[in-house]
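Asker: Quick one, what's the 3D model for this:
(2 chains)
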Amino acid sequence: MQIESFSKGRSPLHSTDPRMKLLACLPLIMLTALSQDILQVTASLAGGIILAAVAGIYSRLLFQRLATVNVFMIFLWATMPFTISGEHFWNSGPLSISREGITLPLLVTLKTNAIALYTIALPGTSTIIALSHAMLHLRVPGKLVTMFYFFYRYIGVFADEFSKMLRMLEARGFRASTNIHTIKVYAFFTGMLFIKSHERSERVYNALVMRNFRGEFPLLTHFTLKRRELIFMAAMSCLFMLIVLL
Amino acid sequence: MNCITVENLSFSYPGHVEVFNDLNLSIVKGEKAGIRAPNGSGKSTLFLLLAGLLKPASGSISLWGKVMKTPDEFRKTRLKIGLLFQDPDDQLFLPTVEEDIAFALLNRGTSRENARQKVDALCDTFQIAHLKKRVPFHLSWGQKRLVSLAGTLVTEPDLLMLDEPTAGIDDTVIETILDYLDSFRGTLLISSHDRNILDRVCSSQYLLTNNQLEKC
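Answerer: The predicted structure is shown next:
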């Protein structure tokens, strides 16, 4: 599934206990998000780049993901330099750019990319079920974890149902155009999608009840803390402290 | 001793026509009973009612001689029941085949070592050992069916209810399932459109029609 695109691999990060990856990831993300210092945020981005290299996930897909995130940055760069007042940096005719107008979008861009890289390189290198299991070990509320896992599991089913219904419409000669008929068809289509999803959710719930589901995710393959995890946590702590001290 | 006793059971879905009206059924312990019925006549609904997943409008359901009155009684009794759903996609949700098969066992507190042994044994029985590390929802329909059946059987239920277990699968997979059912020692309730399959596996057959079950 596309959500787990980076979860398969043989890097040290792929085989690290997901609990440790979550524990390492959250403080780094918080620190990056709250920092107002360009140097700190740049160091954080460098940390993210190094982690992605260790995870061995440099690929076209990674850059596609980063590009998607950076699309939103274009809007910031298109407006903020011209709208934030401050120390004069550059002007041409009626256009004037302040120093703060440059540093603020730069800060947001660096933060965004650093956080995206941390997320992909750390929790992103584990499967969703392993993360769900790890979250339960870290005392994240069971209902939240269940919702998180079921979202992942059934988003694909929902998408399949959508494609199937769309193909069915096309097979029966439906062509979308700007008229009342198209609007009505789309309204029925949306309604049916919700009804089918609701019915499936009931069947899935019944199947879970029959298998004694109690809101937990017991696993056959368990993860255990090894020396590697301790080294990983020590390295992550060093990275954290380095960014703090800059 | 009866494994299942259903007396004067009535059930309707909200806003729908009634599914059952004064339905009666007795299945003896160890009986292998087949249910034939036209589409939409309520086979799946009957299984859900027997498992306590739906509440009847009136009438009573007794399992192993005990009248089931509260959801808690059904919850405890469900530990002895295995229900195979018609659509395996409703049942399979864990990331690997072996995890999915072991799910019910681990929910009951079975140790991972024991669970793994039982999963391995069932995978060998159903010849799906090569699929153990695969993602269940990427398998073929027949493979999904075998995995969901293994996930149902792993708890060694005393009462096994199979909803259309052979629908949409090829002869090889059907033969694997039937071979297992031939050797199954508990009480079996199986719904199918295929009379040949019911003739081979079942010691008794019922026809569900006009909201009633008739022995045939």
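Asker: mind listing the helices for chain B?
Answerer: For chain B, the helices defined by DSSP state H occupy B:43-50, B:71-77, B:88-91, B:97-107, B:112-125, B:141-153, B:171-183, B:195-201.
Asker: What's the per-residue pLDDT of B:Leu83 here?
Answerer: If you check B:Leu83, the pLDDT there is 94.
Asker: same deal with A:Ala187?
Answerer: Reported pLDDT for A:Ala187: 92.
Asker: Kindly report the same for A:Pro141.
Answerer: pLDDT, read off for A:Pro141, is 86.
Asker: for B:Lys118, same thing?
Answerer: 95.
Asker: Return the residue spatially closest to it, with its sequence-adjacent residues excluded.
Answerer: Once flanking residues are discounted, B:Lys118 sits nearest to B:Val154: 5.5 Å by Cβ to Cβ, 6 or more residues apart in numbering or on different chains. Heads up, the C-betas are built off the backbone N, CA and C, glycines and all.
Asker: That neighbour: neighbouring residues, count only.
Answerer: For B:Val154, the tally of surrounding residues (other Cβ atoms under 10 Å in any protein chain shown) stands at 23.
Asker: ok, it to B:Thr110 distance?
Answerer: The gap separating B:Val154 from B:Thr110 is 9 Å, by Cβ to Cβ, to the nearest Å.
Asker: cool, and B:Asn8?
Answerer: From B:Asn8 to B:Thr110 the distance is 38 Å (Cβ to Cβ).
Asker: Kindly report the same for A:Thr112.
Answerer: From A:Thr112 to B:Thr110 the distance is 46 Å (Cβ to Cβ).
Asker: what does A:Ile128 give?
Answerer: 24 Å.
Asker: got a list of what residue 126 touches?
Answerer: Just so you know, I chose chain A. Each residue near A:Ser126 by Cβ atoms under 8 Å, 6 or more residues apart in numbering or on different chains is listed here: A:7, A:14, A:18, A:21, A:134.
Asker: To clarify, I was referring to chain B.
Answerer: Applying Cβ under 8 Å, 6+ apart, the residues near B:Phe126 are B:146, B:149-150, B:176, B:180.
Asker: what do you get for B:Leu79?
Answerer: Contacts of B:Leu79 (Cβ under 8 Å, 6+ apart): A:212, B:108, B:155.
Asker: If you drop the residues flanking it in sequence, what lies closest to the last one?
Answerer: Read that as B:Thr155. Closest to B:Thr155 by Cβ to Cβ, 6+ apart is B:Ala104, at 5.0 Å.
Asker: so who does B:Lys32 touch?
Answerer: B:181, B:184, B:187-188, B:190, B:201-204.
Asker: Could you list which of those residues belong to strands?
Answerer: B:187-188, B:190, B:204 (DSSP state E).
Asker: Just give me the closest of these to A:Phe72.
Answerer: B:Ile190 (55.4 Å; Cβ to Cβ).
Asker: Give the burial count for the closest residue in space to the closest one that isn't next to it in sequence, as a bare number.
Answerer: Spatial nearest neighbour of B:Ile190, chain neighbours left out: B:Leu162 (4.5 Å); criterion: Cβ to Cβ, 6+ apart. Residues contacting B:Leu162 under the criterion other Cβ under 10 Å number 25.
Asker: Quick one: residues contacting B:Leu162.
Answerer: B:84, B:149, B:152, B:181, B:188-191.
Asker: Let's have those in CSV, adding neighbour count.
Answerer: As requested, those are exported to CSV (neighbours: other Cβ atoms under 10 Å in any protein chain shown):
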residue, neighbour count
B:Leu84, 24
B:Leu149, 26
B:Thr152, 25
B:Leu181, 20
B:Leu188, 23
B:Leu189, 26
B:Ile190, 25
B:Ser191, 26
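Asker: Name the residues of chain B found near chain A, please.
Answerer: Selection of chain B residues close to chain A by Cβ under 8 Å from any Cβ of the partner chain yields B:48, B:51, B:53, B:78-79, B:81-83, B:85, B:87, B:89-91, B:93-95, B:98-99, B:102-104, B:106-108, B:112, B:115-116, B:119, B:137, B:151-152.
Asker: and chain A, what are its domains?
Answerer: As assigned by automatic domain parsing, chain A contains the domains A:2-126+A:222-245, A:141-210.
Asker: Out of those, name the one with the poorest average pLDDT.
Answerer: domain A:141-210 (a mean of 86).
Asker: And it, how far out from the chain middle?
Answerer: Relative to the chain's own centre, domain A:141-210 is displaced by 23 Å; criterion: Cα atoms, centre = their mean, to the nearest Å.
Asker: now the end-to-end length of that domain.
Answerer: The first residue of domain A:141-210 is 23 Å away from its last residue (Cα to Cα, to the nearest Å).
Asker: Give me the number of neighbouring residues for the residue nearest to B:Thr155.
Answerer: If we define neighbours as other Cβ under 10 Å, then B:Ala104 has 24 of them.
Asker: gap between it and B:Ala121?
Answerer: Taking Cβ to Cβ, one finds B:Ala104 at 15 Å from B:Ala121.
Asker: for A:Leu61, what are its contacts?
Answerer: A:Leu61 touches A:5-6, counting by Cβ under 8 Å, 6+ apart.
Asker: measure it to chain B for me?
Answerer: According to Cβ to the nearest Cβ, to the nearest Å, A:Leu61 and chain B sit 19 Å apart.
Asker: can you give me phi and psi for A:Arg19?
Answerer: Dihedral pair for A:Arg19: phi -60, psi -40, per degrees, to the nearest 10.
Asker: In contact with it, which residues?
Answerer: A:Arg19 sits in contact with A:134, A:137-138, A:223, where contact means Cβ under 8 Å, 6+ apart.
Asker: filter the residues you listed by proximity to chain B?
Answerer: Of the contacts of A:Arg19, not one also sits near chain B (Cβ under 8 Å from any Cβ).
Asker: State the pair within the residues you listed that is farthest apart.
Answerer: A:Leu138 and A:Phe223 (12.4 Å).
Asker: higher neighbour count, those two?
Answerer: A count of neighbours by other Cβ under 10 Å puts A:Phe223 above the other of A:Leu138 and A:Phe223, at 18 against 13.
Asker: Which helix or which strand is home to the more buried one?
Answerer: Applying DSSP states H and E as the criterion places A:Phe223 outside every helix and strand.
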